[in-house]
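>>> coords please:
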Amino acid sequence: MSGRVDQELEGVTLLGNQGTDYVFSYNPKVLETFDNKHQGRDYFVKFNCPEFTSLCPKTNQPDFATIYISYIPNIKMVESKSLKLYLFSFRNHGDFHEDCMNIIMNDLIELMDPHYIEVWGKFTPRGGISIDPYTNYGRPGTKYEEMANYRLMNHDLYPETITNR
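Now for the predicted structure:
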């Protein structure tokens, strides 16, 4: 199998661009996709984003988190630099942790229409408590919906692979 050709990368404009514009307010329009060349196979794509920041909607104080995004692609896949810039756009977004995770998941569903996706935020404790919202989605009426239900009901909130606790 050969590599990608320029025609396959026409929608990818941010990667390799030295003039990157960092937007400081929520902006899902920055997200870009490319085609999944392995549509006949189920596989996970996982992102670990340790520098997520948003604002508390009441106090306007910053909240910090590591965001874990895992998905089984369908036809489209999210380009990683655009995802990084998208997550950065939450920097001045005032919302609760749970809302941010669901907004991220909803935007990625709209962008890619994946078979399955989960988004998990591990927020830095403030005031003696941490919040770790987890949300997932599986395409309705498919084995992925069953997978989402199973993973939600059996989600291991502290897997061995996560070592920042």
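
>>> start and end of stretch 19-37, how far apart?
End-to-end distance for stretch 19-37: 29 Å, by CA to CA, to the nearest Å.

>>> what helix or strand does the residue most central in space within the chain sit in?
A centroid search over the chain (CA atoms, centre = their mean) returns Ile69, at 4.3 Å, as the residue closest to the centre. Assessed by DSSP states H and E, Ile69 sits inside strand 62-72.

>>> mean confidence (pLDDT) on that strand, please.
Strand 62-72 shows a mean pLDDT of 96.

>>> give the next helix or strand downstream of it.
Trace forward from strand 62-72 with DSSP H and E and the next one is strand 76-78.

>>> which element follows that following strand toward the C-terminus?
Downstream of strand 76-78 (by DSSP H and E), the next one is helix 80-88.

>>> got the contact list for Leu9?
By CB atoms under 8 Å, 6 or more residues apart in numbering, the contact list for Leu9 reads Phe34. Where you see a C-beta, it was placed from the backbone N, CA and C, and this is true even at glycine.

>>> neighbours around Glu79, how many?
Per other CB atoms under 10 Å, the neighbour tally for Glu79 reads 19.

>>> next up, the contacts around the closest residue to Phe96 other than its chain neighbours.
Leaving out its chain neighbours, the residue that sits closest to Phe96 by CB to CB, 6 or more residues apart in numbering is Pro57, at 6.4 Å. Going by CB under 8 Å, 6+ apart, Pro57 touches Gly94, Asp95, Phe96.

>>> one step back: hang on, the residue nearest to the centre of the chain packs against Phe47?
Yes - here Ile69 reaches Phe47: they are 4.4 Å apart, a contact under CB atoms under 8 Å.
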